[in-house]
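*Asks:* okay, predicted coordinates and the sequence, questions at the end:
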Amino acid sequence: MDDIIRGTAAGVPFLARPPERRTATAPLLVGWHLMDPPRTAAAMAAAVPMAGVPAWRVYLGLPEYGDQRELTRRAAEDYVLRLIDPIVSTASRDFPAALHTLRSTLGTDGPLGLFGGSAGGAVALQILTEQDVDVTAAALVNPVARLEPVVDSVSEWFGSPYRWSNESRAVAARMDFVARADEIRKRRPDLPLLLIRGEQDEEAFREPIGQLARALDARLLDVPGMEHALAAEPGTEPAPQNDDARRVDEAFGDWFRRHLAI
């Protein structure tokens, strides 16, 4: 990790791995970590380094994401309004300004690829749905494709059903990317999109990912034996790749080498 560059882009902390040749047209890959391991930019960079891709690989930190005890407290208070929405929607809103700064800082106007996992995948999907950003290709692993079933599934961990309100249902509707697939298709009709899901992940994630793949005619890859996380707990520090992360890393790398015209 000696070649890693750290900084902030329009207030968003980032970690970047440079390509061997730093040209003005080098592709730029930008992504977000999971809320499960790997749950930091540094841990995600170690799990999914995409070392074989001759592109900038930039890992953005999720906003309002830090101490796990504080996150658990916020999730118990209101999983949607106190945790998921502030993280995903803020990251999506901040992305165009962060991208502009990244291009200037790293010195590249090359094609853009988006990647992410779980909540980080939801950030990418929200950008694809709502933001006027030129994206050449995207690859996501275990993304939140529909928020509502994920919330209902997570609420079982807290021991009581989530109490939906008009406000939280509006958030769930905004993060129902299956229902909004037509918006993505109209905005990005030719986007090469790879969706990866673990065969051992929960159905609250798996089934909507399959629905989204069908709706967008995306490439769907099932990884045998993989659950939701890509690293062991606590997942905050860089760690050697496990088999699941290696398979995702290889699939991401192959996808971007093919679709970013490298």
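*Replies:* Thanks, I have it. Numbers count the residues shown, from 1 in each chain.

*Asks:* so which helix or strand takes in residue 253?
*Replies:* For residue 253, the enclosing helix or strand under DSSP states H and E is helix 243-259.

*Asks:* hang on, residue 101 in a strand?
*Replies:* No - remark: residue 101 does not belong to a strand; assigned using DSSP: H, G, I helix; E, B strand; the rest coil, it is helix.

*Asks:* so where's the stretch 101-250 of the chain uncertain?
*Replies:* Using pLDDT under 70 as the threshold, the predicted model of the stretch 101-250 of the chain has no low-confidence range.

*Asks:* contact partners for residue 145?
*Replies:* Neighbour list for residue 145: 121, 122, 125, 177, 178, 195, 205, 208, 209, 211, 212 [criterion: CB atoms under 8 Å, 6 or more residues apart in numbering]. Placement of C-beta: from N, CA and C, glycine included.

*Asks:* that one and residue 124, how far apart?
*Replies:* Taking CB to CB, to the nearest Å as the measure, residue 145 and residue 124 are separated by 11 Å.

*Asks:* what's across from residue 220 in the sheet?
*Replies:* Taking DSSP bridges as the rule, residue 220 bridges to residue 195.

*Asks:* that one contacts residue 193, correct?
*Replies:* No - with the criterion set as CB atoms under 8 Å, residue 220 and residue 193 do not qualify as a contacting pair; they are 9.6 Å apart.

*Asks:* for these two, indicate the residue with more neighbours.
*Replies:* Shown here are residue 220 and residue 193; by other CB atoms under 10 Å, residue 193 has more neighbours (24 against 16).

*Asks:* so who does the residue nearest to that one when sequence neighbours are not counted touch?
*Replies:* In space, residue 193 comes closest to residue 218 once its chain neighbours are excluded; the distance is 4.0 Å by CB to CB, 6 or more residues apart in numbering. For residue 218, the set of contacting residues under the criterion of CB under 8 Å, 6+ apart consists of 193, 194, 195, 212.

*Asks:* 10 Å instead, please
*Replies:* Residues in contact with residue 218 (CB atoms under 10 Å, 6 or more residues apart in numbering) are 138, 139, 140, 181, 184, 191, 192, 193, 194, 195, 209, 212.

*Asks:* in helices, which of those residues appear?
*Replies:* Applying DSSP state H to these, the entries found in helices are 181, 184, 209, 212.

*Asks:* ok, the residues you listed vs residue 55, which is closest?
*Replies:* Compare each of the ones in helices among the contacts of residue 218 with residue 55 using CB to CB and the shortest gap goes to residue 184, at 23.1 Å.

*Asks:* circling back: quick check: neighbours shared by residue 220 and residue 193?
*Replies:* The overlap between the contact sets of residue 220 and residue 193 (CB under 10 Å, 6+ apart) consists of 212, 213.

*Asks:* for residue 170, see how far away the residue most central in space within the chain is.
*Replies:* Central residue check for the chain by CA atoms, centre = their mean: the C-alpha nearest the mean position is that of residue 116, 2.2 Å away. Between residue 116 and residue 170 the computed distance is 23 Å (CB to CB).

*Asks:* again, but for residue 164
*Replies:* For residue 164, the distance to residue 170 under the criterion CB to CB works out to 10 Å.

*Asks:* got any residues that touch both of the two?
*Replies:* With contacts taken as CB under 10 Å, 6+ apart, the residues that reach both residue 164 and residue 170 are residue 80.

*Asks:* what ranges does the protein have for its strands?
*Replies:* Applying DSSP state E to the chain gives strands spanning 5-9, 12-17, 28-32, 56-60, 112-117, 137-141, 193-198, 219-223.

*Asks:* turn the ones you listed into TSV, including distance to residue 260.
*Replies:* Output for the strands of the chain, formatted as TSV (distance: least, CB to CB, whole Å):
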stretch	distance to residue 260
strand 5-9	20
strand 12-17	15
strand 28-32	8
strand 56-60	11
strand 112-117	6
strand 137-141	6
strand 193-198	12
strand 219-223	15
